[in-house]
Every structure is written in C-alpha cells, then in structure tokens.
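*Asks:* here are the coordinates; sequence isn't available:
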C-alpha cells in the first residue's frame, strides 16, 4: 500500500503543479516501499537527487507564477521553499558522509512537510493564479 494516495483535496488547480506534487508523492512512496523491503539505502541517493531537482525546478516555477499573479503571500511562500531546499540539501550532505539512518528522517519530514505545505500554503495561491488564467 502506498504511503501517499493523491486526493482531490491536494489539488492547487494548476495542472503543472499538481503533476509535480504527484511526482513528489511518487518519490516518497518509492522510498517507503524500499524501506518496507529493507532496501531504503539502495534508493535514498536516487530519491534525494530527484527531490533536489524537484525543489529547484518546481519551486522556481511556482514562484514565477505567483510573481506574475502578484500574489501577496510570495515572500513567505518563498521562505518556506528555501527552508525545504536547505533541509533536503542537508539530508543529501548527511547521506554523502555515510549517515545511513537518514531514510526514516527523510520520509517522515517530507510526509509532514508535503501535507502541511500543499494543504495550507500552496492552496493560498490558487485563486490569484486562476484570476491570471494560470491553470
């Protein structure tokens, strides 16, 4: 069973961003399934690489869209993005130093962050982006 199942309540009503959020869900499920099989260390490097790419590309796209829509919450939203990116970079640095207990930390941190960020922070920009015709 997947750790995360996509639900309509996670939608931010922007096709690209919903797709990218689904990719993150998929990465978390990949890590969870590997951990369940006792193989978390085999996929953590891949998951961290993908997650770093996600944070850079996805966050830049979201911030650009919010800027175009003159979304008033841009500064605080960008700060949240920066904190997650720094945390993932720290996870990657810890892993590269041989910290093999990282998989549980990564999984639970990302699960909690993803739920809170999408449901409380990302959904705030939905109306501003829709008014600009960004779907």
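*Replies:* Alright, I've got the coordinates. Just so you know, these numbers come straight off a predicted model, no measurement behind them.
*Asks:* Would you mind naming the helix or strand containing residue 28?
*Replies:* Secondary structure assignment for residue 28, by DSSP states H and E: helix 15-36.
*Asks:* Okay, buried residues for the helix or strand following that helix please.
*Replies:* Next along the chain after helix 15-36, taking DSSP H and E as the criterion, comes helix 40-68. Residues 40, 43-44, 47-48, 50-51, 54-55, 58-59, 62-63, 65-66 are the ones in helix 40-68 that count as buried (16 or more other CB atoms under 10 Å). For the C-beta atoms, the positions are set from N, CA and C on the backbone; glycine is no exception.
*Asks:* Output the contacting helices and strands for helix 40-68.
*Replies:* helix 15-36, helix 74-96, helix 102-116, helix 126-131 (3 or more CB pairs under 8 Å, 6 or more residues apart in numbering; DSSP states H and E).
*Asks:* Distance to residue 7, mean neighbour count and mean pLDDT for those helices - can I get that in JSON lines?
*Replies:* Shown next, in JSON lines, are those (distance: least, CB to CB, whole Å; neighbours: other CB atoms under 10 Å; pLDDT from 0 to 100):
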{"stretch": "helix 15-36", "distance to residue 7": "10", "mean neighbour count": "17", "mean pLDDT": "88"}
{"stretch": "helix 74-96", "distance to residue 7": "21", "mean neighbour count": "15", "mean pLDDT": "90"}
{"stretch": "helix 102-116", "distance to residue 7": "11", "mean neighbour count": "16", "mean pLDDT": "81"}
{"stretch": "helix 126-131", "distance to residue 7": "15", "mean neighbour count": "15", "mean pLDDT": "92"}
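*Asks:* Quick one: closest of those to residue 3.
*Replies:* Residue 3 sits nearest to helix 15-36 of all the helices and strands packed on helix 40-68, at 4.1 Å, using CB to CB.
*Asks:* Check which helices and strands that closest one is in contact with.
*Replies:* Here helix 15-36 touches helix 40-68, helix 102-116, going by 3+ CB pairs under 8 Å, 6+ apart.
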